[in-house]
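Peer 1: fold the following, please.
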Amino acid sequence: MAKIAVMPYAGARKWLYKQVSGIDEFVDELKLDKVLPGDKIYGVLPVNLAAAICEKGAEYFHLSVDKPELLSAEYDVFRQANPKLEAFFINGAGEAVLSRLLKNAFTLSSNKVRRIARERPPLRLADIKLAFYALMTASAIGMFANALGGALLFESHLINWFGKDSSWLEQHFSLYWVIELILCFTLFLWASWSLRLQARQWVPLRDVKRRDADQAYAGLVLTVSSGYRFEFKDERWFFIKQKHGPEIEIELTGNLNQDIENLMPLKIQWELILRIIRAQACRPNAKLKRVMFLGSQDCSIKNFDGVVERVAPGTYPHIKNALKVLAMYAEFKQIEFEPYPVPIPPNDIEAYYNAYLKIAKNWQQFYSLSEEDILIDITGGKTLNSVAAALATLHNKMQFHYIDTNNLNDVLVYAMEYRQQNI
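Peer 2: You can find the predicted model right below:
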């Protein structure tokens, strides 16, 4: 079950983000093919789209305000307009209500079964081996204990299969009992040692492993740093560096290699972003399909007394122009660039961590991108962003990646993964 907010206005988006927990995606326009039974849709949609949502077995919640003209207002003004969410159910006249409900219930159940089958952990051969050796070890312990107690194991088998009688067993009791003890103890040693060896491969420990930097990825997640912006003047795009000294303005030509070369002396993140995307988009085995940009929200700068001295602007507003700049380059025409639906607090490690997991989940569900094909870049953003990226790969199969600013050819790709435990 997904929660999707259809809202193009920033103030209303922020209000929905605060009022509705666990929204998976914010979109400007609704694509009906992405709506599944059981989903919850929030927005201000016309009746025909609301009816189509209900026909698919999803729920629709309509956002209303006292004054419709305030729907597009900034957050502080928007929340004064008494916004509220109301659940609606719209039923078309072409199908009976009961048959529609039964159809939707069946579709919802089928989707849940498919989702469980897709998300359940796969059964590994190592799991079967571990269970087998554990069973053999337990059986050997039980058999050895019974033999110590004087019980003759397989007595009925000797009588029925080999024609031995009770008098033969009484005559050879001591010999058979010693052989029985040796076999049971040997079985215990073999099973317990095999269990130990198998457990070394099965019991995991967390570790950091460096990966092949030349691997191709289908999804890329980037965080935009501060210190620069884009401006469109005289039908041309300009890159403006704002950090460390006076502003420096460089015209962007639309030639990818030329722009990277012009930006290189500035030592700022946008040149690295272009290099990162180029490295994935221009390789012979390229499969890059989607790139997601994360930006931060405004941050208050306080002094030692806790008084706000100034507000540092976030990087989220610059993503809109950044995506227009990326559309200039012919090498990126096959890539879908998109911003993360909401800005992220710059010091909130949990927000970054949840964002990475949510992006991976949406890309898996809607675009069939596996976790192994997702790369998180940590070159931009604060240190907390890097920690969140490492944590996001801990229980998942994503990789995180860093471009060394001092060595133009050094691309470092890592993943938090499991290794064998030395037991």
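Peer 1: C-terminal to whatever helix or strand Ile359 lives in, what's the next element?
Peer 2: Using DSSP states H and E, Ile359 sits in helix 349-367. The helix or strand immediately downstream of helix 349-367 is strand 374-377, counting by DSSP H and E.
Peer 1: what packs against that following strand?
Peer 2: The helices and strands touching strand 374-377, judged by 3 or more C-beta pairs under 8 Å, 6 or more residues apart in numbering; DSSP states H and E, are strand 219-223, helix 349-367, strand 399-403. Every residue, glycine included, has its C-beta placed from N, CA and C.
Peer 1: list the buried residues in the helix holding Ile359.
Peer 2: 349, 351-353, 355-366 (16 or more other C-beta atoms under 10 Å).
Peer 1: helices or strands up against it?
Peer 2: strand 219-223, strand 290-294, strand 374-377, helix 383-392.
Peer 1: could you rerun that using 10 Å?
Peer 2: When contacts are defined as 3 or more C-beta pairs under 10 Å, 6 or more residues apart in numbering; DSSP states H and E, helix 349-367 sits against strand 25-27, helix 97-119, strand 219-223, strand 290-294, strand 374-377, helix 383-392.
Peer 1: and that helix with helix 383-392, angle?
Peer 2: 50 degrees (axes from the mean of the first three to the mean of the last three C-alpha atoms, to 10 degrees).
Peer 1: can you show me the CA trace of helix 349-367 as PDB?
Peer 2: Extracted in PDB, the C-alpha atoms of helix 349-367 (Å, rounded to 0.1, in the frame of the first residue of the first chain):
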ATOM      1  CA  ILE A 349      20.400  11.900   9.700                       C
ATOM      2  CA  GLU A 350      17.100   9.900  10.000                       C
ATOM      3  CA  ALA A 351      15.500  12.000   7.300                       C
ATOM      4  CA  TYR A 352      18.400  11.200   4.900                       C
ATOM      5  CA  TYR A 353      18.300   7.500   5.800                       C
ATOM      6  CA  ASN A 354      14.600   7.300   5.300                       C
ATOM      7  CA  ALA A 355      14.800   9.200   2.000                       C
ATOM      8  CA  TYR A 356      17.300   6.600   0.600                       C
ATOM      9  CA  LEU A 357      15.200   3.700   1.600                       C
ATOM     10  CA  LYS A 358      12.000   5.300   0.200                       C
ATOM     11  CA  ILE A 359      13.700   6.100  -3.100                       C
ATOM     12  CA  ALA A 360      14.900   2.500  -3.400                       C
ATOM     13  CA  LYS A 361      11.500   1.200  -2.600                       C
ATOM     14  CA  ASN A 362       9.700   3.400  -5.200                       C
ATOM     15  CA  TRP A 363      12.200   2.600  -7.900                       C
ATOM     16  CA  GLN A 364      11.800  -1.100  -7.200                       C
ATOM     17  CA  GLN A 365       8.000  -0.900  -7.200                       C
ATOM     18  CA  PHE A 366       7.400   1.400 -10.100                       C
ATOM     19  CA  TYR A 367      10.400   1.100 -12.300                       C
END
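Peer 1: go ahead and confirm Val325 touches Phe230.
Peer 2: Yes: the pair Val325 / Phe230 is scored as a contact, 5.6 Å apart, by C-beta atoms under 10 Å.
Peer 1: need the overlap of contacts for these two.
Peer 2: By C-beta atoms under 10 Å, 6 or more residues apart in numbering, Val325 and Phe230 have these common neighbours: 237-239, 252, 270.
Peer 1: name the member of these with the most neighbours.
Peer 2: Within the shared contacts of Val325 and Phe230, most neighbours by other C-beta atoms under 10 Å means Trp270, with 25 neighbours.
Peer 1: now do the residue nearest to it when sequence neighbours are not counted: how many residues are near it, please.
Peer 2: Sequence neighbours aside, Tyr228 is the residue nearest to Trp270 in space, at 5.7 Å (criterion: C-beta to C-beta, 6 or more residues apart in numbering). Around Tyr228 sit 23 other residues, with neighbours defined as other C-beta under 10 Å.
Peer 1: which of the helices and strands packed on helix 349-367 has the lowest mean pLDDT?
Peer 2: Across the helices and strands packed on helix 349-367, helix 97-119 has the smallest mean pLDDT, namely a mean of 63.
Peer 1: ok, which stretches of the protein are helices?
Peer 2: With DSSP state H as the criterion, the chain has helices at 10-19, 47-55, 75-78, 97-119, 125-148, 155-162, 166-171, 173-202, 256-263, 269-281, 319-326, 349-367, 383-392.
Peer 1: nearest to Ser192, out of the helices and strands packed on strand 374-377?
Peer 2: strand 399-403 (37.8 Å; C-beta to C-beta).
Peer 1: adjacent strands (with direction) for that closest one?
Peer 2: strand 374-377 (parallel), strand 411-420 (antiparallel) (DSSP bridges).
Peer 1: mind checking how far it is from the chain centre?
Peer 2: Remark: strand 399-403 is offset 15 Å from the chain centroid, using C-alpha atoms, centre = their mean, to the nearest Å.
Peer 1: which stretches of the stretch 201-350 of the chain have low pLDDT?
Peer 2: For the stretch 201-350 of the chain, the stretches flagged by pLDDT under 70 are 201-213, 300-303, 305-306, 308-310.
Peer 1: and if we set it to 50?
Peer 2: Within the stretch 201-350 of the chain, the segments meeting pLDDT under 50 span 205-206.
Peer 1: circling back: report the angle between the helix holding Ile359 and strand 219-223.
Peer 2: Using the same axes, to 10 degrees, helix 349-367 lies at 150 degrees relative to strand 219-223.
Peer 1: same list, the shared contacts of Val325 and Phe230, but as JSON lines with distance to Trp15 please.
Peer 2: Formatted as JSON lines, the shared contacts of Val325 and Phe230 follow (distance: C-beta to C-beta, whole Å):
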{"residue": "Trp237", "distance to Trp15": "33"}
{"residue": "Phe238", "distance to Trp15": "34"}
{"residue": "Phe239", "distance to Trp15": "34"}
{"residue": "Leu252", "distance to Trp15": "36"}
{"residue": "Trp270", "distance to Trp15": "32"}
